[in-house]
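Asker: here are the coordinates; sequence isn't available:
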């Protein structure tokens with residue numbers, strides 16, 4: 001069986017290892033023609049002491065809920081030994097489903113850009129595979145990304161940083177913003193990926209006129225199916241498409 005020329009990018013606002021996204025994982029896997037080989041790459045959380053536990057959680061989630069095996073590609077930083085990079089690249093080149101999730105988007109971009117991994121992601125798509133990137137990992141795929149930790153936790157001035165621009169290879173000038181409707185702050189505003197509305201308004205004003213914001217509510221996914229030239233929404237919330245002062249919202253069942 002021949003593969004489609006282009007694959008699918010699945011962007012999740014959160015819940016990548018929750019019941020809300022089980023059917024989205026299964027559906028995305030069903031779009032793959034031929035053999036299904038799913039891997040989880042741990043780079044976004046590579047600096048965290050619980051990085052290995054997160055990877056183990058992903059393996060168990062896939063086994064128990066998605067009912068598929070999942071291998072871990074461990075590439076915690078660009079200082080990895082050459083044999084570790086070689087092993088990681090071997091698995092990436094074999095994969096038809098690449099899954100990444102929580103951590104820091106700027107950390108992931110920094111260490112992926114110093115490696116052949118972005119090219120491997122594009123190769124997977126060119127073979128008709130699927131990239132399922134959630135939360136921090138989803139933030140990396142556009143031309144620009146949010147330095148969430150640096151602004152929300154450290155107090156840096158609001159600014160954008162470089163993304164991997166995987167979506168730019170398909171003509172999409174997009175910045176992806178997960179956790180769009182987050183409300184975990186309790187006594188303070190954590191919408192717009194923990195930044196809050198005042199900081200988000202300042203950030204969005206800095207965007208080039210050509211750039212589209214793709215906002216993802218939590219426990220919600222946007223599936224970009226390049227071969228079919230459509231986007232689909234799954235999950236409990238909305239996907240927001242915003243450019244300049246124009247905003248459109250889409251929910252499950254819309255495409």
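Answerer: Structure received. This structure is a prediction, so every number in the text was calculated from the model and none was measured.

Asker: From residue 147, how far out is the closest residue to residue 115 other than its chain neighbours?
Answerer: Among residues not flanking residue 115 along the chain, residue 78 sits closest, at 5.8 Å (CB to CB, 6 or more residues apart in numbering). Placement of C-beta: from N, CA and C, glycine included. As judged by CB to CB, to the nearest Å, residue 78 and residue 147 stand 18 Å apart.

Asker: of these two, who's got more company?
Answerer: residue 147 (19 against 15; other CB atoms under 10 Å).

Asker: isn't that one right next to residue 161, touching?
Answerer: Yes. The pair residue 147 / residue 161 is scored as a contact, 5.2 Å apart, by CB atoms under 8 Å.

Asker: Which secondary structure state does residue 58 sit in?
Answerer: helix (DSSP: H, G, I helix; E, B strand; the rest coil).

Asker: Could you check how many residues crowd around residue 164?
Answerer: Using other CB under 10 Å, residue 164 has 24 neighbouring residues.

Asker: Can you name the residues that contact it?
Answerer: Counting by CB atoms under 8 Å, 6 or more residues apart in numbering, residue 164 touches 109, 112-113, 118, 121, 140-142.

Asker: Just give me the residues shared between the contact sets of residue 147 and residue 161.
Answerer: What both residue 147 and residue 161 touch, as defined by CB under 8 Å, 6+ apart, is the set residue 106.

Asker: Residue 181 and residue 206: what is the separation?
Answerer: 22 Å.

Asker: so what does the helix of greatest length in the chain touch, helix or strand wise?
Answerer: Using DSSP state H to define each element, the chain has its longest helix at helix 82-94. In this structure, helix 82-94 packs against strand 38-41, strand 71-73, helix 117-126, with contacts taken as 3 or more CB pairs under 8 Å, 6 or more residues apart in numbering; DSSP states H and E.

Asker: Strands of the protein, residue ranges please.
Answerer: Along the chain, counting by DSSP state E, strands occupy 8-12, 38-41, 71-73, 97-100, 130-134, 144-145, 161-162, 174-177, 212-216, 220-225, 230-235, 238-243, 246-251.

Asker: closest one to residue 85 among the ones you listed?
Answerer: Residue 85 sits nearest to strand 71-73 of all those, at 10.3 Å, using CB to CB.

Asker: State the distance from residue 16 to residue 79.
Answerer: From residue 16 to residue 79 the distance is 26 Å (CB to CB).

Asker: out of those two, which sits in the more crowded spot?
Answerer: Between residue 16 and residue 79, counted using other CB under 10 Å, residue 16 has the larger neighbour count: 26 against 9.
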